[in-house]
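*Asks:* Show me how the following folds:
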Amino acid sequence: MTTLQMMLDEGAFEKEYIEDYCRMELTSSKHVNFLLDQGLNDEDVIGFSTIPYFRDENIARYLEADGSYEERVLAVNMNMDLEPFETTSYVSDFSDMTLLVNKFNALPEGYVPDDMVDVKYVCVQGVDYSCTTMDQVVLRQEAEEAFERFVESALEEKGISIVAIAAYRSYQYQKDLYNYYLPIYGQERTDQYYARPGQSEHNSGLAVDITFDHIRYTDIESHEAYPWILENMHRFGFILRYPEDKQKITRYGYESWHLRYVGVEAATTMYENNWCLEEYLARK
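*Replies:* Okay, here's the model as predicted:
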């Protein structure tokens with residue numbers, strides 16, 4: 001029996017004392033009893049309870065992970081200890097603009113946002129490279145209105161004309177896209193750059209691929225105006241969803257053109273801390 005367990009078993013006064021002790025040690029005492037029930041030693045109890053984003057359900061995986069207590073909690077919360085597609089959770093709160101869609105989190109088959117509107121600033125087929133062939137380019141309303149503000153500010157402040165080349169895609173569209181590239185590129189490369197159906201952010205209606213000034217979308221990062229996009233998109237609630245330096249976390253290849261709407265507050269926090277969406281949500 002650990003010292004902490006003995007103190008807790010002695011009565012309410014001692015429990016209050018240990019809770020105060022945890023607070024003094026900058027810990028979160030709400031997990032102490034749970035951690036003690038797992039048979040952890042005092043050091044691990046205190047270590048894990050200092051992490052505000054500790055999740056009870058992940059304790060077995062935290063214990064198997066390497067690194068400091070915080071490093072283990074963050075890694076597991078981001079599923080860094082798992083192989084892609086090893087487990088799948090399904091999004092249920094569609095009102096959350098930071099909803100996570102990746103190789104571990106999927107949208108249910110048949111999901112179609114009920115608040116989509118036409119995107120005002122779209123590419124022109126035959127003029128903008130890889131312009132979508134879909135009849136309509138749509139986003140969820142909050143994201144589209146933010147995209148309008150972003151585009152208009154870019155034109156006013158920097159003189160660049162941003163347009164959407166792709167936005168919402170249905171489950172079936174993504175399925176067809178994935179199956180088209182699978183025999184061409186093989187499993188590994190297809191999974192690196194093309195989401196499986198249900199696991200594409202485009203299906204959420206919150207993602208938009210961009211280009212500007214009629215540049216090939218894969219070349220926009222080399223344009224002198226691109227740094228302005230990186231430094232200002234958070235003001236309008238957008239993040240670069242798949243940064244080059246976060247590929248080990250996102251599990252996708254770098255995409256300089258793929259923006260994701262998350263809301264101004266979340267986007268600003270991610271920008272200021274150089275976090276991707278997984279890193280942000282791992283701390284929630």
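
*Asks:* use CA for all of it now, contacts and neighbours both
*Replies:* Will do.

*Asks:* and R260, which of the three is it?
*Replies:* strand (DSSP: H, G, I helix; E, B strand; the rest coil).

*Asks:* Run through the bridge partners of it.
*Replies:* A207, I239 (DSSP bridges).

*Asks:* How much space separates it from D37?
*Replies:* 41 Å (C-alpha to C-alpha, to the nearest Å).

*Asks:* Looking at those two, which has the bigger crowd around it?
*Replies:* Neighbours were counted for R260 and for D37 using other C-alpha atoms under 10 Å; R260 has more, 27 against 9.

*Asks:* What degree of burial does D44 show, as a neighbour count?
*Replies:* D44 - counted by other C-alpha under 10 Å - has 15 other residues nearby.

*Asks:* And the helices in this structure, which stretches?
*Replies:* For the chain, applying DSSP state H gives helices covering 3-9, 12-24, 32-37, 42-49, 59-64, 69-77, 141-158, 171-193, 226-232, 247-250, 264-273, 277-282.

*Asks:* I'd like these laid out as TSV, including mean pLDDT and distance to E83.
*Replies:* Below are the helices of the chain laid out as TSV (pLDDT from 0 to 100; distance: least, C-alpha to C-alpha, whole Å):
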stretch	mean pLDDT	distance to E83
helix 3-9	56	36
helix 12-24	48	35
helix 32-37	81	27
helix 42-49	85	24
helix 59-64	96	13
helix 69-77	97	12
helix 141-158	98	31
helix 171-193	95	12
helix 226-232	97	30
helix 247-250	98	11
helix 264-273	98	25
helix 277-282	98	15
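
*Asks:* quick one, which of the ones you listed is nearest to L107?
*Replies:* Closest to L107 of the helices of the chain is helix 171-193 (C-alpha to C-alpha; 8.8 Å).

*Asks:* Does anything pack onto that closest one? Which helices or strands?
*Replies:* For helix 171-193, the contact count by 3 or more C-alpha pairs under 8 Å, 6 or more residues apart in numbering; DSSP states H and E identifies no helix or strand as a packing neighbour.

*Asks:* ok, and what's touching that helix?
*Replies:* For helix 171-193, the external contacting residues (C-alpha atoms under 8 Å, 6 or more residues apart in numbering) are 109-111, 194-198, 200, 203, 251-253.
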